[in-house]
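[1] A predicted structure for the sequence below; I have some questions about it.
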Amino acid sequence: MPFGSPVQSAVKSVSGTSATTLAFPSPVTSGNLLLAAYAVYDPTPDTGELGTPTDTATTTYALVDARVIFNTGGGANRERLNLYYGVAPGGGANTVSFAWTNGAGTLGTVFIAEFAGNH
């Protein structure tokens, strides 16, 4: 079955930090598609890095796209969005960790989602 219906999701706003975690509300199912995304306000362009998320289920996440979604002042004061996907290697509780260097900002939003199906 191709990936299909959303199973669950969670979102969290963060400020004053350069790392956070976000847990799936329910256990994930082995073989389901997992998405992890974060948008971070970046007051100093090109100085920070958004790292690849990791999780407690040892999912391998791959970058889908990285974009500047808001930009003022010719490159300063921008918001960056990174979207990643992975396939849950096993079922059970799962917490995703996000981290970025301080140069990438300390204000943002993280999002996770699970979609039913397998490949």
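    Perfect, thanks for sending it.

[2] Over the helix or strand hosting Phe98, what's the mean pLDDT, rounded is fine.
    Using DSSP states H and E, the element containing Phe98 is strand 95-99. For strand 95-99, mean pLDDT rounds to 93.

[3] and Pro53, what does it touch?
    By Cβ atoms under 8 Å, 6 or more residues apart in numbering, the contact set of Pro53 is Ala36, Tyr38, Tyr61, Tyr84, Val96, Ser97, Phe98. C-beta here means a position set from N, CA and C on the backbone, and glycine is covered the same way.

[4] Neighbour count and distance to Asp55 for those residues - can I get that in a markdown table?
    Listed next are these as a markdown table, based on neighbours: other Cβ atoms under 10 Å; distance: Cβ to Cβ, whole Å:
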| residue | neighbour count | distance to Asp55 |
| --- | --- | --- |
| Ala36 | 24 | 8 |
| Tyr38 | 26 | 13 |
| Tyr61 | 19 | 8 |
| Tyr84 | 23 | 10 |
| Val96 | 26 | 4 |
| Ser97 | 15 | 7 |
| Phe98 | 28 | 10 |
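
[5] Noted, bye for now.
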